[in-house]
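Asks: Here is a sequence together with a model predicted from it:
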Amino acid sequence: MHCQKRYKHLFQTSSVLSLMAVIIIFSVSVVNAQPLTLKQAITTAIQNNNTYKAALLKVEENRYKVRESWGMLWPQLSTDVAYTRQWYEAGFQSQIAGQYDVKIINGQIAVNPGAFYNSLQASRNGYIASEYEARSIKANTIITTLRLYYQVLLTKELISMHEESLKALEENLRVVTVGYQKGTFSKLDFLRAKVAYNNEKTQLINAKNDYLTVCATFNIQLNRDINDPVNLDESVLVVSNDDLQYLSLEEEKETALIKELVGLSLKNRPELLQLTYSKKALAYASDAASSVYLWPSLFVSGSYGSSKSISKESSGFQPTGDPMIDPILAAMSQGMSESFAPKGWNDHWMITFGATYTWGAWSPIDSSHAKAKQLESQANQLDLQLQDFVKSVRLDIQRGFLKLKSASNSLYSQQGNVETAEESLKTATVQFRNGIIDNSKFLEANVSLIQAKTLYIQALYDYKVAQAELNKAIGVDYFKIQ
């Protein structure tokens with residue numbers, strides 16, 4: 001009886017655990033079934049991008065370089081303990097055998113004002129430049145992820161389109177085959193239907209291969225396993241009225257808008273700002289190298305401690321026998337002994353101010369000259385790159401806007417074109433079955449629908465990518481990306 005109760009309890013416990021396991025598995029399945037939004041994909045790609053992580057570490061490294069520059073104003077502080085033994089043949093030092101010396105505080109600082117200021121400014125500008133470099137890498141990650149996201153969705157749409165077309169062509173081939181066997185259709189009609197079906201079948205295979213490839217690339221971008229299932233949010237494919245607002249703009253408004261975008265780009269483009277601050281950093285670094293011979297170095301040193309002298313053992317004062325002179329000589333000997341080697345520990349402090357001017361650095365063969373010229377050359381090189389980059393900004397903005405405008409027009413025209421092609425195919429199907437048109441007209445209607453859908457999908461992809469590319473070129477999220 002006791003065993004039966006025990007087995008019953010174990011059975012109930014195992015049932016509860018099994019139920020919990022089922023609930024957990026179901027919950028995980030529900031979570032996994034949720035489509036991955038574009039924002040989530042971008043966030044994941046940024047978090048897992050090793051290049052971006054390395055850029056953030058470089059930012060941290062440059063932040064410590066700024067702290068290193070400030071450290072030039074911090075004195076070198078130490079505590080020194082020394083024990084000295086010595087021997088002199090004659091003189092007052094011959095009375096001292098050694099010394100204990102303890103410097104509780106021993107400090108010194110030497111600063112070249114020009115080198116300090118310019119080094120600090122160089123490190124600050126280098127730090128800011130590294131931040132903009134990280135922003136640039138982040139922007140590249142965003143646009144790459146967005147492209148792959150839409151490529152996954154659009155290749156999936158292409159698969160659906162080819163599957164629908166293949167079904168229609170398969171039914172057409174069946175009808176034509178039966179008609180050909182009965183003599184209703186010619187051999188040419190049969191061969192056309194067969195070729196069209198096989199061609200569409202090949203297109204479907206290619207579309208599926210493209211889908212698998214882009215899914216694998218998308219997973220790699222997000223640092224996931226290459227074979228992980230890809231379930232994305234298809235709501236981003238919906239075309240809104242905002243997507244069609246650039247269909248027709250007056251020339252003046254279009255010029256004003258491009259001018260506004262160029263102005264924003266010059267203020268916010270990460271690559272442009274990175275070049276600007278990198279150039280400043282090199283210019284300050286060149287001035288820091290020149291400061292060796294343009295500025296004197298100021299120094300301060302000081303210490304506080306205690307010392308104890310070790311007196312030699314001596315036979316003491318040797319009297320001369322003259323009662324008038326011996327007391328005086330004895331007193332002088334005692335005084336000199338205490339002056340040269342005082343008993344006990346004696347505190348002491350010292351402070352020194354001064355300046356050093358390295359006039360020898362004016363020589364052209366001094367290394368500081370060569371270093372300054374190297375850095376100056378690097379700054380000039382960056383300045384030339386900066387000038388070329390500024391010139392290309394307007395071209396990038398204008399080209400990106402024209403691409404956006406073209407894609408917007410394509411979306412508008414192809415949206416109605418797809419509807420027209422679908423209606424045309426329906427009409428062709430009915431007329432073909434009723435014998436009003438031949439098979440070639442039906443095939444033409446099907447090809448027209450495929451072309452219309454393909455152009456629409458391409459226009460949608462071009463539009464979304466154009467928005468992202470313009471945001472990258474501007475440096476801010478001017479266009480809202482779903």
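Replies: The structure has been received and is ready for your questions.
Asks: how about whatever helix or strand residue 68 lives in: buried residues?
Replies: Counting by DSSP states H and E, the element that carries residue 68 is helix 50-70. By neighbour count with 16 or more other CB atoms under 10 Å, helix 50-70 contains the buried residues 52, 55, 58, 59, 62, 63, 65, 66, 69. All C-beta atoms are positioned from the backbone trio N, CA, C, and that covers glycine.
Asks: any chance of those in CSV, plus pLDDT?
Replies: Below are the buried residues of helix 50-70 laid out as CSV (pLDDT from 0 to 100):
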residue, pLDDT
52, 96
55, 96
58, 96
59, 96
62, 96
63, 96
65, 95
66, 96
69, 94
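Asks: Pull out the C-alpha coordinates of the next helix-or-strand element following the helix holding residue 68 and format them as CSV.
Replies: Proceeding C-terminally, helix 50-70 gives way to strand 76-85 as the next helix or strand, assigned by DSSP H and E. Taking Å, rounded to 0.1, in the frame of the first residue of the first chain, the C-alpha atoms of strand 76-85 are listed here in CSV:
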residue,chain,number,x,y,z
GLN,A,76,56.2,62.1,-10.0
LEU,A,77,55.8,61.3,-6.3
SER,A,78,57.8,58.8,-4.4
THR,A,79,59.2,57.8,-1.0
ASP,A,80,63.0,57.1,-0.9
VAL,A,81,64.9,55.2,1.8
ALA,A,82,68.8,55.1,1.5
TYR,A,83,71.7,53.8,3.6
THR,A,84,75.2,55.2,2.8
ARG,A,85,78.7,54.1,3.9
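Asks: Now the phi/psi pair for residue 298, please.
Replies: Note on residue 298: backbone dihedrals following degrees, to the nearest 10 are phi -90, psi 140.
Asks: which residues pair with it across the strands?
Replies: residue 111, residue 355 (DSSP bridges).
Asks: Wasn't residue 307 part of a strand?
Replies: Yes - counting by DSSP: H, G, I helix; E, B strand; the rest coil, residue 307 is located in a strand.
Asks: Next, the closest residue to it other than its chain neighbours: phi, psi?
Replies: Once flanking residues are discounted, residue 307 sits nearest to residue 101: 4.4 Å by CB to CB, 6 or more residues apart in numbering. Note on residue 101: its backbone torsions stand at phi -140, psi 120 [degrees, to the nearest 10].
Asks: From residue 80, how far out is residue 101?
Replies: Going from residue 101 to residue 80 by CB to CB, to the nearest Å gives 8 Å.
Asks: What segments of the stretch 351-482 of the chain are helices?
Replies: 367-433, 439-474 (DSSP state H, counting those that start in this stretch).
Asks: packing partners for the last one?
Replies: Here helix 439-474 touches helix 113-182, helix 187-221, helix 251-268, helix 367-433, going by 3 or more CB pairs under 8 Å, 6 or more residues apart in numbering; DSSP states H and E.
Asks: Could you figure out how far it is turned away from helix 113-182?
Replies: 170 degrees (axes from the mean of the first three to the mean of the last three CA atoms, to 10 degrees).
Asks: Show me what counts as buried in helix 439-474.
Replies: Neighbour-count burial for helix 439-474, with 16+ other CB under 10 Å as criterion, is recorded at 439, 442-443, 445-450, 452-457, 459-474.
Asks: who's in contact with residue 156?
Replies: By CB atoms under 8 Å, 6 or more residues apart in numbering, residue 156 lies in contact with residue 211.
Asks: can you pull the pLDDT of it?
Replies: Predicted confidence (pLDDT) for residue 156: 90.
Asks: Any regions of the chain where pLDDT drops low?
Replies: Scanning the chain for pLDDT under 70 picks out 1-33, 90-94, 241-249, 313-322, 324-341, 482.
Asks: make it 50
Replies: For the chain, residues meeting the criterion pLDDT under 50 lie at 1-11, 16-17, 21-31, 315.
Asks: Where do the domain boundaries of it fall?
Replies: As assigned by automatic domain parsing, the chain contains the domains 76-111+297-356, 119-295+367-482.
Asks: how about these, which one is nearest residue 45?
Replies: Evaluated with CB to CB, the domains of the chain place domain 119-295+367-482 nearest to residue 45, the distance being 4.3 Å.
Asks: starting at the chain centroid, how far to the closest one?
Replies: Mean-position distance between domain 119-295+367-482 and its chain equals 22 Å (CA atoms, centre = their mean, to the nearest Å).
Asks: about what we covered before: who wins for proximity to residue 301 among the helices and strands packed on helix 439-474?
Replies: Nearest to residue 301, of the helices and strands packed on helix 439-474 and by CB to CB, is helix 113-182 at 17.7 Å.
Asks: how far does that closest one sit from the chain's center?
Replies: On CA atoms, centre = their mean, the centre of helix 113-182 falls 18 Å from that of its chain.
Asks: deepest of the helices and strands packed on helix 439-474, which one?
Replies: helix 113-182 (a mean of 19; mean count of other CB atoms under 10 Å).
Asks: for residue 310, helix, strand, or coil?
Replies: Following three-state DSSP, the label given to residue 310 is strand.
Asks: what separates it from residue 342, distance-wise?
Replies: Applying CB to CB to residue 310 and residue 342 gives a distance of 11 Å.
Asks: quick revisit: I'd like the helices and strands packed on helix 439-474 as TSV, with distance to residue 45 appended.
Replies: Shown next, in TSV, are those (distance: least, CB to CB, whole Å):
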stretch	distance to residue 45
helix 113-182	4
helix 187-221	5
helix 251-268	22
helix 367-433	22
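Asks: distance of residue 79 from residue 307?
Replies: Where residue 307 is concerned, residue 79 sits at a distance of 14 Å (CB to CB).
Asks: err, residue 141, not the other one
Replies: Separation of residue 141 from residue 307 (CB to CB): 65 Å.
Asks: can you list contacts of the helix holding residue 68?
Replies: Applying CB under 8 Å, 6+ apart, the contact partners of helix 50-70 are 46, 116, 119-120, 122-124, 126-127, 129-131, 133-134, 137-138, 141.
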